[in-house]
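Undergrad: Show me the folded form of this:
(chains A and B)
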Amino acid sequence: MWAILSIKVENKPGILFKVTHLFRSRNFNIDSISVGVTQDPKFSRMTVTTIGDEKQIAQIVKQLDKMIDTIEVHRLDENNTVYRELVMFKIKVSKPEDSMEINKLASAYDAKIHDAKKESIMVEMTSTPHQIAAFEELAKKFGILEMARTGITALQRSKH
Amino acid sequence: MNDNMIGARALMLALEKEGVKEVFGLPGGANLPMYDELYKSNIRHILVRHEQSAAHMADGFGRVSRKPGVCFATSGPGATNLLTGIATAQADSAPMVAVTGQVPVKMIGKDAFQESDIIGMANPAVKYSYQPRTPEEIPEIVKQGFYIAETGRPGPVLLDIPKDVQQNEGKFTFPDEVRIPGYHPWTDPDIPSIEKAIQLLLTSEKPMILAGGGVIISSAFAELQSIAEMLMIPVVTTFKGKGAFPENHPLSLGPIGMHGHAEANKLMTEADCVLAIGTRFSDRSVGTFEEFERNLKIIHMDVDPAEIGKNQTTSVAVVGDVQASLRIMVKMLLSKAMKKSDDNPWSKHVNEVKQYWRENLKLHPGEMGAAKILRKLREVLPKESIVTTEVGQHQMWASLFYDVIQPGTFFSSTGLGTMGWGFPAAIGAKAARPDVPVVDIAGDGSFNMTENSLATSVLEDLPVIVFLINNFSLGMVAQWQRTFYDKRMIGIDLKNCPDYVKLAESYGAQGIRAQSMEELEKAIKSGLNSDVATVIDIPIDPNEDVLPFVAPGTSLKEMILPS
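TA: Numbers count the residues shown, from 1 in each chain, chains lettered A, B, ... in the order given. Alright, predicted model coming up:
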């Protein structure tokens, strides 16, 4: 099972280390992690996606909650959460038609083109992991030279 | 207070403000400014011969006084030597504040002489850690550090202070309160859950109480005893919880687990409902998790919400300080005038099983069998005496055969299982309670690891008794090799080296060899009356095993018994 954890922490040095260390020492996996400061510079928010069974995920939430540096830990309800990830691809251009097709593909997925060169095109896309996987699959036929992704960041929808 | 002074001075003032009267430590280059201010302060310094012992002394001090014990070490190897002691305190939830020197801020990360990233290394072994970058931070981190170490589920806190932060001047404010936004050490126990717990206990046919170390940490002895007596529920403990309940009480069955009492293990597996208090369901206590919880309803009371459901599935969870939770439970039972008699099939069965094993457990036939010498120790020691142990066979024999009568007088490295813990911890305990006798039940292998603490014991006037059960070997390893490795004995023979009587004497301590019960009794009495540490060397049969024995990875049902 896949879970998105939203962790509000004190914005102090060393906390990313402690959070990731906790995952390692308790034998849990981090699928992706993204970190940034919140509107209040005293706090940062980490968004971690992890994979485990129900019991394991409940346990990692408790262990994170116990950490003194964490202010809030929430397991986000996937159906009620907006979650996005930014990814960048460098896609190979082997023949002139490729360039056009990559452009078409990018526009179908709402991705932006950067740095279009004769032999490669850089594409930036912000989407769900599912959409990113779909795009990646289609881009493979041209050849993916390089790829970098940020990991998911997410906020739960408001009730009112 | 608002004064100009150097960081090291502020550190001493902050420690004094926390009520610190003694620190255990060893100086070196990076903590000399601290020591210079320690010289000028009212705090007593107890010099150790190895930093690991400083941590164990602070640990023993902390467990007995329930206030953080403080240890000092320099940077680099001084700090890494503390690490085993810090991890031991963490595994057993003991309050401790460890203060290490660090290379100056500008040198951090430059692989400077005696630099170690102790914050990084210690991270999984501490409850929290601080590395101040300016002297002004010191009073606040000391205040926070003590608060974190002693509240909620206690544990070790590390203060790693760079040398220039100790030396530089600053203007200080000493806070009276702490505010740590992400730290909520205590939750109020949930009343409906306690009601549910009572219902479950009352409706079960074969209830049991399992008391863990949390009962000792929160001193919930009276509450535990009231509940057991009102509901006539037999009490087993974990090894860490040994002595949470008087072991001469009719309802006491003693510790369960790998080397638990036969009656405790047997009856635990028959119970249908357990009130588990302040325990983390260690594999050493419960055997295989799945088998333990089969047919068992678990009520789990613990201060640490992360322990609920970690190893066992619970029917009812009560999060909060266990003393507070038990108090509410006692009140509810009193208000309902709930009192059960022992006139029921379960109580009768429990008594029969207990009786059977107390009479029929086969013991070593020799005069100096483990059971006999430990029962002799119990007989001679005043009941308020504090006992620590090392780690190994002697420790498990102590669990089996040394009955704790006054709750909260027995301490051991149960989680990390650190050989060499018992002796320095006993010295720390003596510093906390100079008014009572303190005995380290030791084995030769463990004692070897920190025996140089004899110097500290003698020179710092902290006399304790080392009750050295000497089987000339690493006995527990030998037992496993005999049992699981077809008697291929390797790496276990200690060959009675050194001569422990001479060793003790060379430190100015008293050394006595006891080879008969009569000599043993005399030796214990001599130790109780001695002004210096006493090492009682008690040679025993190296082939004596600790039995019963629940093999690792099996259930409590599968006890190996003496044949």
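Undergrad: Can you give the domain ranges for chain A?
TA: Using automatic domain parsing, the domains assigned to chain A come out as A:2-76, A:82-156.
Undergrad: Could you list the buried residues of stretch A:39-54?
TA: Buried residues in stretch A:39-54, defined by neighbour count with 16 or more other CB atoms under 10 Å in any protein chain shown: A:Phe43, A:Ser44, A:Arg45, A:Met46, A:Thr47, A:Val48, A:Thr49, A:Thr50, A:Gly52. The C-beta positions use only the backbone N, C-alpha and C, and glycine is treated the same way.
Undergrad: Other residues contacting it?
TA: With contact meaning CB atoms under 8 Å, 6 or more residues apart in numbering or on different chains, stretch A:39-54 is reached by A:1-11, A:15-16, A:19, A:23, A:28-38, A:57, A:60, A:71, A:83, A:151-154.
Undergrad: Give me the buried entries from these.
TA: A:3-9, A:11, A:15, A:19, A:23, A:28, A:30, A:32-35, A:57, A:60, A:71, A:83, A:151-154.
Undergrad: ok, and of those, which contact chain B?
TA: Counting by CB under 8 Å from any CB of the partner chain, A:Val9, A:Ile71 from the buried ones among the contacts of stretch A:39-54 sit close to chain B.
Undergrad: wait, what's in contact with the residue in chain B that chain A sits nearest to?
TA: Closest residue of chain B to chain A, CB to the nearest CB: B:Ala306 (4.1 Å). With contacts defined as CB under 8 Å, 6+ apart, B:Ala306 is in contact with A:Gln59, A:Lys62, A:Gln63, A:Asp65, A:Lys66.
Undergrad: do B:Pro104 as well
TA: In this structure, B:Pro104 makes contact with B:Pro162, B:Lys163, B:Asp164, judged by CB under 8 Å, 6+ apart.
Undergrad: now, which of those residues lie within strands?
TA: Mapping those onto strands (DSSP state E) picks out B:Pro162.
Undergrad: could the contacts of B:Pro104 go into a markdown table alongside neighbour count and pLDDT?
TA: As requested, those are exported to a markdown table (neighbours: other CB atoms under 10 Å in any protein chain shown; pLDDT from 0 to 100):
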| residue | neighbour count | pLDDT |
| --- | --- | --- |
| B:Pro162 | 24 | 98 |
| B:Lys163 | 23 | 98 |
| B:Asp164 | 18 | 98 |
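Undergrad: okay if I get the contacts of B:Pro104 as TSV plus distance to B:Ala8?
TA: Listed next are these as TSV, based on distance: CB to CB, whole Å:
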residue	distance to B:Ala8
B:Pro162	11
B:Lys163	9
B:Asp164	11
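Undergrad: what distance separates stretch B:528-545 from the centre of its chain?
TA: 21 Å (CA atoms, centre = their mean, to the nearest Å).
Undergrad: and it, which residues are buried?
TA: B:528, B:532-540, B:542, B:544-545.
Undergrad: burial of the residue nearest to B:Phe472 when sequence neighbours are not counted, as a residue count?
TA: Nearest residue to B:Phe472 in three dimensions, chain neighbours excluded: B:Asn496, at 4.7 Å (CB to CB, 6 or more residues apart in numbering or on different chains). The tally of other residues near B:Asn496 (other CB atoms under 10 Å in any protein chain shown) stands at 15.
Undergrad: Let me have stretch B:65-85 in CSV, keeping just the CA atoms, if that works.
TA: Output of stretch B:65-85 as CSV, limited to C-alpha atoms (Å, rounded to 0.1, in the frame of the first residue of the first chain):
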residue,chain,number,x,y,z
SER,B,65,17.0,8.7,41.6
ARG,B,66,14.6,9.0,38.6
LYS,B,67,16.5,12.3,37.8
PRO,B,68,18.9,12.4,34.9
GLY,B,69,22.4,11.2,35.7
VAL,B,70,25.0,13.4,34.1
CYS,B,71,28.2,12.3,32.4
PHE,B,72,31.0,14.3,30.8
ALA,B,73,33.4,13.2,28.1
THR,B,74,35.7,14.9,25.7
SER,B,75,35.3,15.0,21.9
GLY,B,76,36.2,12.1,19.5
PRO,B,77,37.0,8.9,21.3
GLY,B,78,35.7,10.3,24.6
ALA,B,79,32.3,10.8,23.0
THR,B,80,32.3,7.5,21.1
ASN,B,81,33.2,5.7,24.3
LEU,B,82,30.1,7.1,25.9
LEU,B,83,28.0,5.8,23.0
THR,B,84,27.4,2.2,24.3
GLY,B,85,26.3,3.7,27.6
